[in-house]
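In: Pasting the sequence and the predicted model now:
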Amino acid sequence: MKTFRSRWIRYGSAALYILLSFLSFYCACYKLPVGLKYGINLVVFAWACAAFFVSPQFEHALFCLRFFVLFFFPYLMFWMWSAGIWITEFQSWPYILRGSQNIIYMLTNLLYVIGAVYLFDEDATTYTLISMAFANFAVFVQVGLRTGFPRLISEYITLLLTFADDTGGAVRQMELHDMVYGWGTYVVYYMIHRSFKGEKDIWKFIISIFFFTLAMKRVAIPGAMGAVMFYWVMKWFVKRFGTRPLRGIITLITVVSIAGLFGYLMIIRSGLFIELAERYDVDLMSRDRLWTFYQDIYWLSPTYLGKGIRYIYNYGSTHMENIDIPIAVVHNVFLELYIETGFWCWIVWLFYELSFRVKRLLEMFDAEAALGMMAMNVYVFSTYLTDNTSFYFPINVTYRLVMMTWCYEILRYRQKKVVVPVYDD
């Protein structure tokens, strides 16, 4: 940690960061006002800026800035595309402001991430995990005090044994939707990342897996497992055939993924997905009604240009009459972003996430970084299939944070001329 040279200042700074991050994640546990975390984001970024002016680290700042650009571009694209739609449709200022808010929120999230990495280097990942654990544990204690810890623990064991088929009233209170997806990031990270310092991360993995399974979102578990399996298969491929074919493989995966996801929208739009779910007695938990509600608003064609970012929230919030379920969300990020940003912007977004950014990490760092980003894409995109995680605070902070610190480790150890082949176990 170069920013803080004094040991006591280091410890105090780490404690302050953990406290601030705890408050942010406690917001994500629905215990504090939602807007607080965005203020904390700006505080952490301002702290990093102050540290830069006091003792500038130009290379480190440039490293953080590059990742900010890599991560923020899709949101900037969504806003600019939407601005064109709003202007041509003569939308009202309140409508435009509501559509812009989430982009501003994501901007502060990314400023928080790069601020944390600038201040604490790779230790930012551990400090953030500790703050998440404190926030989640605080809720665990509160639920335990209300319902009794023996009951809570007993229901947690039953939850695991039945894979969430039998969910008790106590453990159901631990189903913190925002937090669980962030814990999934850490589960994936500690199953694929090898510390360059030779540190044992087993305690961090145990904490992550506990809180990840405590909330038990069934879509997240196969997503995490798929990400880990994908990483190790790709790592074997690179070991066997080298890194030369990797760019072509990335392009192929991107094209197949875009075609598959467009097909996914086609079967939803046609009603086939809902028909199959009914035939095999799959509970869509009202998603079928949400998807049907919006099916006349969009069409699957290059001529469809979208309605503007956060259209679904705006539209759903003003059309609640005689509907007994919240319709301001669709629990499907791919469908949501297609409706809001249209065919071409949706295609560019997927290409950027799955191909361009991965190849940039391959060029800037090495195959290890590219494979890590691909694995994170598998996990994050799996949560997009049935939930609204595109703007959730924990997952969007953690998956970018762990990738930044991983790449920073690669960069630092490359500078020390430590050779770490991607295929070395």
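Out: Right, received. Where do you want to start? Numbering: from 1, shown residues only.

In: Go ahead and name everything in contact with the helix or strand hosting Asn314.
Out: In the assignment (DSSP states H and E), Asn314 maps to helix 311-317. For helix 311-317, contacts defined as CB atoms under 8 Å, 6 or more residues apart in numbering pick out 95, 98-99, 294, 297, 307, 326-330, 336, 339-340. Every residue, glycine included, has its C-beta placed from N, CA and C.

In: Which elements pack onto the strand or helix carrying Ile40?
Out: Using DSSP H and E, Ile40 sits within helix 36-54. Packing contacts for helix 36-54, counted by 3 or more CB pairs under 8 Å, 6 or more residues apart in numbering; DSSP states H and E, involve helix 7-28, helix 93-120.

In: After it, heading C-terminal, what element do we hit next?
Out: helix 58-88.

In: in that following helix, what counts as buried?
Out: Using 16 or more other CB atoms under 10 Å as the test for burial, helix 58-88 gives 60-61, 63-64, 67-68, 70-75, 77-79, 81-83, 85-86.

In: follow-up on the earlier one: chain center to the next helix or strand after the helix holding Asn314, what's the gap?
Out: Downstream of helix 311-317, the first helix or strand assigned by DSSP H and E is helix 333-351. Between the centre of helix 333-351 and the centre of its chain there are 17 Å (CA atoms, centre = their mean, to the nearest Å).

In: ok, Ser13 touching Asp123?
Out: No. Using CB atoms under 8 Å, Ser13 is not in contact with Asp123; the gap is 10.3 Å.

In: Got phi/psi on Gly271?
Out: The phi/psi pair for Gly271 (degrees, to the nearest 10) reads phi 90, psi 0.

In: That one: how many residues sit nearby?
Out: Gly271 has 13 neighbouring residues, counting by other CB atoms under 10 Å.

In: Spit out the contact partners of it.
Out: So Gly271 contacts Thr292, Gln295 (CB under 8 Å, 6+ apart).

In: Deepest-packed of the helices and strands packed on helix 36-54, please.
Out: The highest average neighbour count among the helices and strands packed on helix 36-54, using mean count of other CB atoms under 10 Å, belongs to helix 93-120 at a mean of 20.

In: what is the orientation angle of it with helix 58-88?
Out: Helix 93-120 runs at 170 degrees relative to helix 58-88, counting by axes from the mean of the first three to the mean of the last three CA atoms, to 10 degrees.

In: got the contact list for Met77?
Out: By CB under 8 Å, 6+ apart, the residues touching Met77 are Cys345, Val348, Trp349, Tyr352.

In: Can you check the pLDDT for it?
Out: Predicted confidence (pLDDT) for Met77: 97.
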